[in-house]
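K.L.:
How does the following fold in three dimensions:
(chains A and B)
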Protein chains: 2
Amino acid sequence: MTQQCTEKPFPEKPYSQKTRPEILSVSTIAKTHIFEVQSVDLRFSNGEKRTYERLTPARKSSVMVIPIQGENMILVKEYAVGPERYELGFPKGMIDLCEEPVVSANRELQEEIGFAAKKLEFIRSLYHSPSHMYGLMHVFIAQDLYPSQLTGDEPEPLEIVYFPLRKIDKLLSDPTFSEARNLSALFLLRDYLNANGLNASGLKHSVEADLCSR
Amino acid sequence: MTQQCTEKPFPEKPYSQKTRPEILSVSTIAKTHIFEVQSVDLRFSNGEKRTYERLTPARKSSVMVIPIQGENMILVKEYAVGPERYELGFPKGMIDLCEEPVVSANRELQEEIGFAAKKLEFIRSLYHSPSHMYGLMHVFIAQDLYPSQLTGDEPEPLEIVYFPLRKIDKLLSDPTFSEARNLSALFLLRDYLNANGLNASGLKHSVEADLCSR
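P.N.:
Coordinates of the predicted model:
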């Protein structure tokens, strides 16, 4: 028996009243382990026809987690095969089948940085490049961390980077930290800290977490 | 004779000193009009082997433009085949061969909203999801607009949306405006306005542009 789970629906724009193009046909033109490319024949409302391509329409969602420990946030360096180098970013990963996003967030934390969180707050969802593909990414802020390690599917342990919250603005303007989802998450973190009247030194202090240095 | 142009290099992280995995082999496993999928065999420094996939390693860059006119910014609604609906976002497009990014920015403006800009300021580059692919997107702020139309390859005229600058925070928290690059651009715009001591009513006023309503 196949397990059925309903994913959180993609937020709809109430202001999109425009007549959508008619989809004349959809066909899969390439399929690999990870990617599936579909060709979509369209007729726009003015009669114009176009063939567009899009990637894996499977609506698999993911999570990104901003872990905060004392006056630092925790990032990881993970190998990215696109640019063939290590990239600094927040822990992230796919949501397993039927898993609640907040559970995925806590699992990824344990797999990637060896901490679990007593406090996980959802702050926003992001889309990923909807012109060709889409997948929701749910962003969380994690606080009150305590040591807990889970084994993920990473080929090697990730290098962990503690970054001072008071230097957020420096990272926001760092040209080497420019992946759009990580950058959006960092802007969201700054707003979160401001909205909660917090700054680098004003964050709730987790003694338990601070006792544990890795 | 093929024209050769050097693209702006991808910013390198000075803090990435970790030994990169060895690339054992690279092969193209799928190719369509738009996408190329490569399979990359890797050996990590700890001896672990993995096969990763990545998309079109062609380093094609693009531009995104935030046009400001009076107290509004200008966005467009463009059909996105991923979610099969119209998406609100800033004008954007690929950089043509040997074209300067600032020239692409002014061209896209004219193609998508029917304005050119006397003032175009580069504010930041963004990467696009470097784990699987990458392409730099250069973000510009356009001011001092004047009517000028160019014909692009759009299948239909784009719907143009004037959005008040004073409502930026509303759009930043709108769950239907969540594509990560557009969201990053909007955060960058807010910082730009704050850094320049500007707000919705304090922007340099372009009478010429305001005289032209479309």
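K.L.:
Wasn't A:Arg190 part of a helix?
P.N.:
Yes. Counting by DSSP: H, G, I helix; E, B strand; the rest coil, A:Arg190 is part of a helix.
K.L.:
which residues does it contact?
P.N.:
A:Ile168, A:Asp169, A:Leu172 (CB atoms under 8 Å, 6 or more residues apart in numbering or on different chains). For glycine as for every other residue, the C-beta is placed from the backbone atoms N, C-alpha and C.
K.L.:
change it to 7 Å
P.N.:
Applying CB atoms under 7 Å, 6 or more residues apart in numbering or on different chains, we find A:Arg190 in contact with A:Ile168.
K.L.:
What of A:Leu186?
P.N.:
By CB under 7 Å, 6+ apart, the neighbours of A:Leu186 are A:Ile168, A:Leu171, A:Leu172.
K.L.:
Can you tell me how far A:Gly82 is from A:Gly93?
P.N.:
A:Gly82 sits 17 Å away from A:Gly93, taking CB to CB, to the nearest Å as the criterion.
K.L.:
quick one: which of the two has more around it?
P.N.:
Just comparing A:Gly82 and A:Gly93: by other CB atoms under 10 Å in any protein chain shown the higher neighbour count belongs to A:Gly82, 25 against 19.
K.L.:
how's chain A carved up into domains?
P.N.:
A:22-55, A:62-196 (the TED database).
K.L.:
Straight-line length of the last one, end to end?
P.N.:
Read it as domain A:62-196. 26 Å (CA to CA, to the nearest Å).
K.L.:
What spatial separation is found between A:Tyr162 and chain B?
P.N.:
13 Å (CB to the nearest CB, to the nearest Å).
K.L.:
how far away is A:Lys118 from chain B?
P.N.:
26 Å.
K.L.:
so which strand or helix has that residue?
P.N.:
strand A:115-126 (DSSP states H and E).
K.L.:
As PDB, could you dump the C-alpha coordinates of that strand?
P.N.:
Extracted C-alpha coordinates of strand A:115-126, given in PDB (Å, rounded to 0.1, in the frame of the first residue of the first chain):
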ATOM      1  CA  PHE A 115      22.500  19.700  17.700                       C
ATOM      2  CA  ALA A 116      18.700  19.500  18.200                       C
ATOM      3  CA  ALA A 117      16.600  22.500  19.100                       C
ATOM      4  CA  LYS A 118      14.100  22.900  21.900                       C
ATOM      5  CA  LYS A 119      12.700  26.000  20.100                       C
ATOM      6  CA  LEU A 120      12.000  26.000  16.400                       C
ATOM      7  CA  GLU A 121      10.100  28.900  14.800                       C
ATOM      8  CA  PHE A 122       8.800  28.900  11.300                       C
ATOM      9  CA  ILE A 123       9.400  32.300   9.800                       C
ATOM     10  CA  ARG A 124       8.600  32.100   6.000                       C
ATOM     11  CA  SER A 125       8.400  29.900   3.000                       C
ATOM     12  CA  LEU A 126      10.500  30.600  -0.100                       C
END
